[in-house]
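Trainee: all I have is the shape, not the residue letters:
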């Protein structure tokens, strides 16, 4: 019999090395993580072939994690540019990266990213399948199910830790879409590719029809499945509709089958969701999928702010994470408009980390509130260097301070409040009143 | 007898011109606004001497409004720079501005802002009182209560529409502060100035002790009072403590006295508040102050992100507004670090408008969700010009698109997804399956 997977071992009471490392990384009790992992409420995406990996956990009770998407496309980018973006995402504090390349030498880019990345690496294999088919003058629909599974296996063999597979979109959904009256039909690229495949071939989604084969592959390579929400709402108007909820129910069933097969599984979530629906959507996803880690793509709380979607996503992400989402996919200011520059990758990671941390304070994740307290103590002491060192982005704080100091007429005056520093004035007043 | 104030007239069943204009501005029923104004749940800050004003309402049932702070200080800025920032804030869509200048020719700056601003203008008069005292070689404490009231009257006579007055911080609070164990004592500059005044003179806060005189002045000039929260938390650790809540209770009493005197009144709110406390804090502020419009300063949901506090405030502001806050004070990326540049003023207004609009969708403000739907319909049609025109910031969308198009190898390809546009693919698939 094959070796136990992380999930099978956890169920058997064993803490394998990646799980132990994940517990260590957050200063947590390995036994607590083992229990959550065994129950499917926590995953440790750790493909043994990803040798540079420092494993981390995603799920119940842990710090909320942030993913940054990388990826060359047929319009722009190169291997070198993607590696710059990888460095940029890591430096900004991303907990995981996904390589979503659809252009350039896909295998070379992915292998380079896996080789260099200490954080878990994810992909959406159907992108590469489509790109390769088109490069041969075919279309995705010319690929057989065997061809599709071959692409998945190639990626797994390269050390990819988690894969988004759109196995919840079926021929029934294709029919339902016609009369659904959605404003923005399907906005998941992987989902749209699967729809196109089904429509052209008149066959069922192979990742659904041959789901056991998918599980077998994931089990053999210890790949964590991320069940993609192909029917996620792409506009506030479509949020929470029957299409989305039907797919979610199906993903819940598939998640259960994955766990039974010893395969770790996450659920991908929306999308564009109005503020007042977020808590309910997270609660439903958690109940339907029996506590599986929830990986949200935003959610974006308005459609009207292209150019600022890192902010619309930070609002939604904070609320979602407070409600129980475990993993936030970053959104950059370039979302809906183009591919992000390296600076925008950084901005996106920072915005998502703010959302994640604000939620961690709310959820009572150990150590979260203490970070805020320490920074505020430095602020009250007017200790600028300690504030910078404790800040989410020390470089940015130092940059602002340098600008401020250059503008100061009187050295030592704080430009934040000029001569009238509330904290100084108040401290003196309280001291005087007490004396 | 003097003319009726807006509030007195509303109680008498009359819709005066500013209230009618405010209703028209949002396409709402004047009678509905009159009822809310009469009950103190809505204000229309409109000093008759502010002739450039286009009145707007703040409160129950209306669109959430956004304020941008302007203000020269002793370290930097000039009248010209402040007018550039005013234009920038207005162009970005600020609904109101506050002139918080503490440097330069304060009267000249304020008068120029009032003269040019079509939106309500607010100030914090005690700043100017302190600055003028220091300029004469004195300190704020050398000013008598009469001197302080004279500054307020000068501003009212200049056409200021609303004034922040820290009348809820008293000698009792000064004593309580000594043993409160706060991480960041007092972070309200106006509050700290009042504390300093009380500590030096050993007297009670004149805006509290002579509150009827303050109401009389506000009544005569039709100035809306914004009761400042001098003891707002300046760090997550201090949020919701007894000091903050005691001041809030006092503000509730003072708000009731204002309404009885025919004076419109808003309540200022926190501050730094962890995500999980925001809803409760807003609910308590609303109940204690009997539905008075709530003007929140953030709230910032973490202390650790200086350089990105427009984002921490957008998260908190969205949640607060969804819970019932009516007016968001913007926060710029420069918060805690220095004064904002014109570009940062713009960034701050946009972030706050995103929060306000996301909350308006959640609250069901008429027309809010429709805006999102129209933009998403344009997105589904791949109509880039309509998307830009409908966007919160059309200029930014066009700037991103220009960059994207310059990078395109194949004209007409959308760099958002390269060749693989989910919306196109899905629309084709659904069409094919149906055909």
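Mentor: On my side now, so go ahead. The structure presented is a predicted model; accordingly, all values stated were derived computationally and were not measured.
Trainee: residue contacts, the residue nearest the centre of chain A?
Mentor: Chain A has residue A:329 as the residue nearest its centroid, 3.0 Å off, counting by Cα atoms, centre = their mean. With Cβ atoms under 8 Å, 6 or more residues apart in numbering or on different chains as the criterion, the residues that contact residue A:329 are A:67, A:69, A:98, A:295-298, A:352. C-betas here are computed from N, CA, C, even on glycine.
Trainee: can you get me a residue count around residue A:3?
Mentor: Residue A:3 sits with 10 neighbouring residues when counted by other Cβ atoms under 10 Å in any protein chain shown.
Trainee: please apply the same query to residue A:181.
Mentor: Applying other Cβ under 10 Å, we find 11 residues neighbouring residue A:181.
Trainee: and it, that's in a helix?
Mentor: No. The assignment for residue A:181, made by DSSP: H, G, I helix; E, B strand; the rest coil, is coil rather than a helix.
Trainee: how close does it get to residue A:243?
Mentor: Remark: distance between residue A:181 and residue A:243 (Cβ to Cβ, to the nearest Å) = 10 Å.
Trainee: how about the strands in chain A?
Mentor: A:42-43, A:58-59, A:65-70, A:96-99, A:121-123, A:162-165, A:224-227, A:265-269, A:294-297, A:327-329 (DSSP state E).
Trainee: residue B:247 is nearest to which of these?
Mentor: Shortest separation from residue B:247 across the strands of chain A is recorded for strand A:327-329, at 35.5 Å, computed as Cβ to Cβ.
Trainee: avg pLDDT for the closest one?
Mentor: Averaging pLDDT along strand A:327-329 gives 98.
Trainee: next: stretch A:276-295.
Mentor: The average pLDDT for stretch A:276-295 rounds to 98.
Trainee: quick one: buried residues of that stretch?
Mentor: By neighbour count on 16 or more other Cβ atoms under 10 Å in any protein chain shown, the buried set for stretch A:276-295 is A:276-278, A:281-282, A:284-286, A:288-289, A:291-295.
Trainee: likewise stretch A:171-188?
Mentor: Burial within stretch A:171-188, assessed by neighbour count using 16+ other Cβ under 10 Å, is assigned to A:171, A:173-174, A:176-177, A:180, A:182-188.
Trainee: near chain B, from those residues?
Mentor: Under the cut-off given by Cβ under 8 Å from any Cβ of the partner chain, chain B has A:174, A:177, A:183-188 from the buried residues of stretch A:171-188 close to it.
Trainee: what's the local residue count around the closest residue to residue A:8 other than its chain neighbours?
Mentor: Distances taken as Cβ to Cβ, 6 or more residues apart in numbering or on different chains place residue A:262 nearest to residue A:8, at 4.3 Å, with adjacent residues excluded. Neighbourhood size, residue A:262 [other Cβ under 10 Å]: 19.
Trainee: over to the one 5 residues further on?
Mentor: Burial of residue A:267, expressed as a neighbour count using other Cβ under 10 Å, amounts to 29.
Trainee: could you check the pLDDT of it?
Mentor: The predicted structure scores residue A:267 at 98 on the pLDDT scale.
Trainee: equivalent analysis for the one 4 residues further on, please.
Mentor: With respect to pLDDT, residue A:271 has a value of 94.
Trainee: ranges for the helices of the stretch 1-150 of chain A?
Mentor: A:6-11, A:17-25, A:30-38, A:79-92, A:106-116, A:125-135, A:145-157 (DSSP state H, counting those that start in this stretch).
Trainee: and if you look at the stretch 251-400 of chain A?
Mentor: For the stretch 251-400 of chain A, applying DSSP H, counting those that start in this stretch gives helices covering A:275-288, A:309-323, A:342-363, A:368-380, A:384-390, A:394-407.
Trainee: of those, which is nearest residue B:201?
Mentor: With Cβ to Cβ, the closest approach to residue B:201 among the helices of the stretch 251-400 of chain A belongs to helix A:368-380: 25.4 Å.
Trainee: against which helices or strands is the closest one packed?
Mentor: For helix A:368-380, the contact count by 3 or more Cβ pairs under 8 Å, 6 or more residues apart in numbering or on different chains; DSSP states H and E identifies helix A:342-363, helix A:384-390 as packing neighbours.
Trainee: let's see 10 Å
Mentor: When contacts are defined as 3 or more Cβ pairs under 10 Å, 6 or more residues apart in numbering or on different chains; DSSP states H and E, helix A:368-380 packs onto helix A:342-363, helix A:384-390, helix A:422-434.
Trainee: dump these into TSV; add mean neighbour count, mean pLDDT and distance to chain B as well.
Mentor: Below are those laid out as TSV (neighbours: other Cβ atoms under 10 Å in any protein chain shown; pLDDT from 0 to 100; distance: least, Cβ to the nearest Cβ, whole Å):
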stretch	mean neighbour count	mean pLDDT	distance to chain B
helix A:342-363	26	97	4
helix A:384-390	18	96	7
helix A:422-434	20	79	3
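Trainee: mind putting those helices into CSV with distance to residue B:45?
Mentor: As requested, these are arranged in CSV below (distance: least, Cβ to Cβ, whole Å):
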stretch, distance to residue B:45
helix A:342-363, 31
helix A:384-390, 36
helix A:422-434, 25
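Trainee: what about the stretch 1-150 of chain A, any weak spots by pLDDT?
Mentor: With pLDDT under 70 as the threshold, the stretch 1-150 of chain A has low-confidence stretches at A:1-2, A:73-77.
Trainee: and what of the stretch 151-300 of chain A?
Mentor: In the stretch 151-300 of chain A there are no weaker segments when pLDDT under 70 is taken as the threshold.
Trainee: returning to that earlier point: out of the strands of chain A, nearest to residue B:41?
Mentor: Among those, if distance is taken as Cβ to Cβ, the winner is strand A:294-297, at 35.2 Å.
Trainee: now check the closest one, is it near chain B?
Mentor: No. For a cut-off given as Cβ under 10 Å from any Cβ of the partner chain, strand A:294-297 has no contacts with chain B; the smallest distance is 12.5 Å.
Trainee: name the nearest of the buried residues of stretch A:171-188 relative to residue B:149.
Mentor: Nearest member of those to residue B:149, counting by Cβ to Cβ, is residue A:183, at 56.2 Å.
Trainee: could I get the contacting residues of the closest one?
Mentor: Contact partners of residue A:183, counting by Cβ atoms under 10 Å, 6 or more residues apart in numbering or on different chains, are A:233-238, A:272, A:303, B:372-377, B:379-380.
Trainee: among these, which two are most distant?
Mentor: Taking Cβ to Cβ as the measure, the contacts of residue A:183 span a maximum distance of 16.2 Å, between A:233 and B:374.
Trainee: between the two, which is the more surrounded one?
Mentor: The residue with more neighbours, out of residue A:233 and residue B:374, is residue A:233; 28 against 18, by other Cβ under 10 Å.
Trainee: residues in contact with residue A:334?
Mentor: Going by Cβ under 10 Å, 6+ apart, residue A:334 touches A:306-307, A:309-310, A:340-341, A:344-345, A:347-348, B:400, B:403-404, B:415-416.
Trainee: quick one, phi psi at it?
Mentor: According to degrees, to the nearest 10, the main-chain angles of residue A:334 amount to phi -80, psi -10.
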